[in-house]
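Trainee: would you be able to build a 3D model of this:
(one chain, ligands or ions: 1)
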Amino acid sequence: MLEVQGKRRYNGGIYLVLRESNMTRRRLVVGNWKMNGDHASSQKLLAEIVAGLPADTKTDVGVCPPAVYIAGLAATAAGRVHLGAQNVADQDAGAFTGEISAPMLKDIGCSLALVGHSERRAIYGETDALVAARYAKAIGHGVTPILCVGETLEERESDRTFKVIDDQIDAVMATSGVGSLRQAVIAYEPVWAIGTGRTASAEQAQEVHAYIRSKIAALDADVASTLQILYGGSVKADNAAALFSQPDVDGGLIGGASLDAASFLAICLAP
Ligand code: PEP
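Mentor: Here you go, the predicted model:
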């Protein structure tokens, strides 16, 4: 259940700061391997992660390897680590060279897909509308989208963080509706913290996570209370616990540190 803890001003209006009175959300930690590794190193990394995860861990764990390796990793994942893609097509099939569809991902046992990662948005020009279309396809085929949102440094410094988050989430809500978030995850990834070694403080992360939850709660309080919101941006073994202890931070999306089994496991097992 969500309780109103306070109010904050934003953009001439007021949003409610909500607090979960009965925490039921499981922690989720997902590694984004990006375009790294090869067949052998992917197998080794995942095998080490699986071996290091205690059977009774309370954290759900996933990895997003390069797409060509996903199918070959299913046996190694052994049902203990969710497999995810780093993107998903906005179409089901046809003449869309280079794209991989949600039905294809489903077919090879892939249960997660990143959508709207900032590298896709910045380097490949993916717009909020395209990201929303990709998200809709994942939802439509039972692949859990991890919707990545976040502001650049320039946007933060000009006080546009919440506006950017609004636009990124609103595009998805307009296409798929708030109910779709029952089957989805949101990752808040400030662009200035990705791969830079510069992490948002736990308080900075919590502020935006609380904003996202309150925004969703305004549409559907029930959905907001169960929605997992991950933080991503230079999460390491030594800052994971502080970030994950925030009330609205339900885990992490991990880039660089997910390429080393010991570092990734330390994050997965952070208190
Ligand atoms: C990412 O790319 O999603 C990410 C969070 O990267 P890093 O952990 O390396 O900042």
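
Trainee: just the element for Val61, please.
Mentor: For Val61, the element it lies in under DSSP states H and E is strand 59-64.

Trainee: chain center to that strand, what's the gap?
Mentor: Average the C-alpha atoms of strand 59-64, do the same for its chain, and the two points are 11 Å apart (CA atoms, centre = their mean, to the nearest Å).

Trainee: so what are the sheet partners of that strand and their directions?
Mentor: strand 27-32 (parallel), strand 82-85 (parallel) (DSSP bridges).

Trainee: just those: most buried one?
Mentor: The highest mean neighbour count among those belongs to strand 27-32 (a mean of 24), with neighbours defined as mean count of other CB atoms under 10 Å. Where C-beta positions appear, they are placed from N, C-alpha and C, glycine not excepted.

Trainee: would you mind naming what in the stretch 51-200 of the chain lies close to the ligand?
Mentor: Taking CB under 6 Å from any ligand atom as the criterion, the stretch 51-200 of the chain approaches the ligand at residues Glu189, Ile194, Gly195.

Trainee: from Gln91, how far off is the nearest residue to Ser258 once chain neighbours are set aside?
Mentor: Excluding the flanking residues, the one nearest Ser258 by CB to CB, 6 or more residues apart in numbering is Gly31, at 2.8 Å. Applying CB to CB, to the nearest Å, the value for Gly31 to Gln91 is 27 Å.

Trainee: OK, contacts around the closest residue to Gln246 other than its chain neighbours?
Mentor: Spatially, and ignoring its direct neighbours in sequence, Gln246 is nearest to Gln206 (3.9 Å; CB to CB, 6+ apart). The contact partners of Gln206, by CB atoms under 8 Å, 6 or more residues apart in numbering, come to Gln246, Pro247, Asp248, Val249.

Trainee: quick one on the thing from earlier: ChimeraX command to pick out the buried ones of the residues of the stretch 51-200 of the chain next to the ligand?
Mentor: The following ChimeraX command selects only the buried members of those, with burial defined by 16 or more other CB atoms under 10 Å:
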select :189,194
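
Trainee: the residue in the chain positioned nearest to the ligand: what's it in contact with?
Mentor: Taking CB to the nearest ligand atom as the measure, the point where the chain comes nearest the ligand is Gly255, at 2.1 Å. When contacts are counted by CB under 8 Å, 6+ apart, Gly255 touches Gly31, Asn32, Lys34, Ile194, Gly195, Gly232, Ser234.
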